[in-house]
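Engineer: need the 3D shape of this:
(one chain, ligands or ions: 2)
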Amino acid sequence: MTQQSKVPLNPIFRKSLRALRGKGYEQGFSLPGAFYTDPAWLQAECDELFLQDWFCVGRVEEVSQAGDFFSFDHVGQPILLVHGRDGVIRALANVCRHRGTVLASGSGNTRKFLCPYHHWAYDTTGQLLNAPHMESHQAFDMKQCRLKQLQCEFWQGFIFVNLNPLAPDLKQELAPLEKLIKNYHLEEMSLRYLADEVWDTNWKCLLENFMEGYHLTPLHRDTLHKVNPSRLCEHLKPGKRHFGYSVGFSTRLPAERIGHRDLSDREMDTCIMFAMPPGLTVGIGSDYSSFLCLRPLSPSQVSVKMGLIFHGDHWSQQEVDSAIELFQHTMNEDKQVLTRVQQGLASRFHEPGPLAARDLEGTIWDFYQYLSRRQGSASKTMKS
Ligand code: FES
Ligand SMILES: [Fe+2]
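Structural biologist: Ligands and ions are numbered 1, 2, ... in the order given. Below you'll find the predicted structure:
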């Protein structure tokens, strides 16, 4: 059972987030457990982060053909991503303009979207095509009726959506990160594995887990440790919208797997792990990369869309399968430990613990600084 708050915890949470602002890495402690278990705090995070900031919904290749679409729920907001037959990829509110039914479900390729309730039909740009028996309505112009369009941007082959019309420009925000990773050319990597899962942990636990190298050796001793051990982790200077660390390879990659020609020798031998909070984490390797798109379902459940993208076309199916197997194996190790983390965080005996050295857990501190900076963002947007 999750911890229920008798008094509103939000003011206490806000005060403790403010208190850590600007403090150094060597003073870092983990957050109190209630940050990960309180439903009211999750609601604040949805309002102030997931409904305000840019969030990644997947890869452009998922909707590569005209008519391709996928639908999803983003913290209670039904959204439709569709490659229109006019060639434009759009994010649309997946809500029928008649009486509000969620329009499309799942994914596929289509010429039109038909609402199951009264059969209003929309084309792949969101324009209403047909509304049976509506001709006699005097204040309704079918030509002016279309699904609401949301901000949608593309960066490094990823698709981003934003529900806040006042959101800052995505590419400007990500310019410092782009400088760091541009030689890996994620936009040229091709998607060979995609999965949707629900994990029994708070969304922050999963983001923190992906973003720290401290656990690579102890938790993934038989898997990741052999390739990217904790001792090779180095913290990277965070930006306003990202943070990350790098980790070297313990042995050199085979010559045919060294990645893009723009990479320096050092980059070829280094993975870059970055997060663009609240929902995207990416592990870049010169040969292939992994990504997770996170969105909370409840304080103790997170939906994870995960994928692997590969550089070049020299990969045999067997090589791809073995990369997928390593990824699934390590993700399962993480999944199991994070269920235990969530249980421990709900314990009345849990107290914040000290964070390890900057190269190992400095990114967790960077994440808390982001949480601290972004709190109250919803009210600021409403005022402006
Ligand atoms: S709610 Fe969609 S057609 Fe009526
Ligand atoms: Fe891990």
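
Engineer: quick one: the residue located most distally from the centre of the chain from M142, how far?
Structural biologist: Taking CA atoms, centre = their mean, the residue of the chain most remote from its mean C-alpha position is S136, at 45.8 Å. S136 sits at a distance of 12 Å from M142 (criterion: CB to CB, to the nearest Å). (C-beta placed from N, C-alpha, C; glycine too.)

Engineer: next: T330.
Structural biologist: Distance, T330 to M142, using CB to CB: 52 Å.

Engineer: and the two? which has more neighbours close in?
Structural biologist: Neighbour tally, T330 and M142, criterion other CB atoms under 10 Å: the higher count belongs to T330, 19 against 16.

Engineer: name the SS class of the more buried one, please.
Structural biologist: Three-state call for T330 (DSSP: H, G, I helix; E, B strand; the rest coil): helix.

Engineer: quick one: contacts for the closest residue to it other than its chain neighbours?
Structural biologist: Ranked by CB to CB, 6 or more residues apart in numbering and with sequence neighbours excluded, the top spatial neighbour of T330 is T223, at 4.8 Å. By CB atoms under 8 Å, 6 or more residues apart in numbering, the contact set of T223 is 326, 329-330, 333.

Engineer: quick one: T223 from Q156, how far?
Structural biologist: 26 Å.

Engineer: let me see the ranges of the strands in the stretch 101-250 of the chain.
Structural biologist: With DSSP state E, counting those that start in this stretch, the ranges of strands along the stretch 101-250 of the chain come out as 107-109, 112-114, 121-123, 128-130, 149-155, 158-162, 190-199, 233-236, 243-248.

Engineer: just put those in a markdown table and tack on mean neighbour count, mean pLDDT and distance to ligand 1.
Structural biologist: A markdown table is the format used below for these (neighbours: other CB atoms under 10 Å; pLDDT from 0 to 100; distance: least, CB to the nearest ligand atom, whole Å):
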| stretch | mean neighbour count | mean pLDDT | distance to ligand 1 |
| --- | --- | --- | --- |
| strand 107-109 | 14 | 98 | 19 |
| strand 112-114 | 17 | 98 | 9 |
| strand 121-123 | 20 | 98 | 9 |
| strand 128-130 | 16 | 97 | 10 |
| strand 149-155 | 16 | 97 | 18 |
| strand 158-162 | 21 | 98 | 22 |
| strand 190-199 | 15 | 98 | 26 |
| strand 233-236 | 20 | 97 | 48 |
| strand 243-248 | 22 | 96 | 43 |
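
Engineer: nearest to Q342, of these?
Structural biologist: Closest approach to Q342 among those (CB to CB): strand 190-199, 9.0 Å.

Engineer: what strands line up against that closest one, and which way round?
Structural biologist: strand 301-310 (antiparallel) (DSSP bridges).

Engineer: buried stuff in the strand it pairs with?
Structural biologist: The neighbour-count check on strand 301-310 (16 or more other CB atoms under 10 Å) flags 302-310 as buried.
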